[in-house]
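Q: Based on what follows, work out the 3D shape:
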Amino acid sequence: MTPFYRFSRVAMQLLVAGLAELSLSGCEHVPAEGPLIVVSNHLHNADPPLLGAVLPRFIHYMTKDELYRSPLGRFFATAYGAFPVRRGTVDRRALARAEALLGAGEVVGMFPEGHRSAHAALQPAYDGAALVARRTHAPVLPVAIAGTEAVFHRRPRWAIRVMVGPAFTVSPGGPLREATRDMMLHVSELLPASYRGVYPLPSRPAA
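A: The predicted structure is shown next:
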């Protein structure tokens, strides 16, 4: 854990305690050690430091490369332990970095949608997270966030929920699109129905 990550973790915990009503569930599903891919929906810029504050392990975030185009953005992202990815492309350097971290038993954080949702509901996800999971065989930890879309848009205290599901492994075969959809359904089932967007849960046949 970098010194800046540790500082940000404490600062975010204090901010959340002072400005939000946080509900956190499922942290018992976080493995204490070993490689792990954290995948989550994305509502606000506060999401990465929020997860860093509430999850017990040091997360190396795969972060949009636009952030690194300014000296200040590059400094903070690097100090936080993040690494860049070019969205919308097969960024081999980012994939290699993620695989190296996972090979060393670290945690990689990814937001498969690629950007924040403008309407809080899940958007179509890119295949990068499923590809990394398939190539490394690392377990995937689904995390769902609700309520951060209100941060700075409504008065505190914001009602924020973070829900962690059991880790799972991505199927080694079949179309990558299906693996991505399965991954996002793991996130979707943790979310309130209004947040599920393009990943509604399959309807169950009537008894």
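
Q: remind me which residues of the chain are low pLDDT?
A: 204-207 (pLDDT under 70).

Q: Now do the SS call for Val108.
A: Using DSSP: H, G, I helix; E, B strand; the rest coil as the criterion, the local structure at Val108 reads strand.

Q: can you pull the contacts of it?
A: Taking Cβ atoms under 8 Å, 6 or more residues apart in numbering as the definition of contact, the neighbours of Val108 are Leu36, Ile37, Val38, Ile59, His60, Tyr61, Met62, Ala98, Leu101, Leu102, Val132, Ala138. For every residue, glycine as well, the C-beta is placed using N, CA and C.

Q: Show me the two of the residues you listed that sit farthest apart.
A: The largest distance within the contacts of Val108, taken as Cβ to Cβ, falls between Tyr61 and Ala138 and amounts to 15.4 Å.

Q: so what's the one residue sitting closest to the centre of the chain closest to, chain neighbours aside?
A: Geometric centre of the chain, nearest residue: Ser40, 3.3 Å, by Cα atoms, centre = their mean. Counting by Cβ to Cβ, 6 or more residues apart in numbering, Val143 is the residue found nearest to Ser40 once chain neighbours are left out, at 4.1 Å.

Q: so what does whichever strand or helix holds that neighbour touch, helix or strand wise?
A: Val143 is located in strand 140-146, with elements delineated by DSSP states H and E. For strand 140-146, the packing partners by 3 or more Cβ pairs under 8 Å, 6 or more residues apart in numbering; DSSP states H and E come out as strand 36-40, helix 47-54, strand 158-164, helix 176-188.
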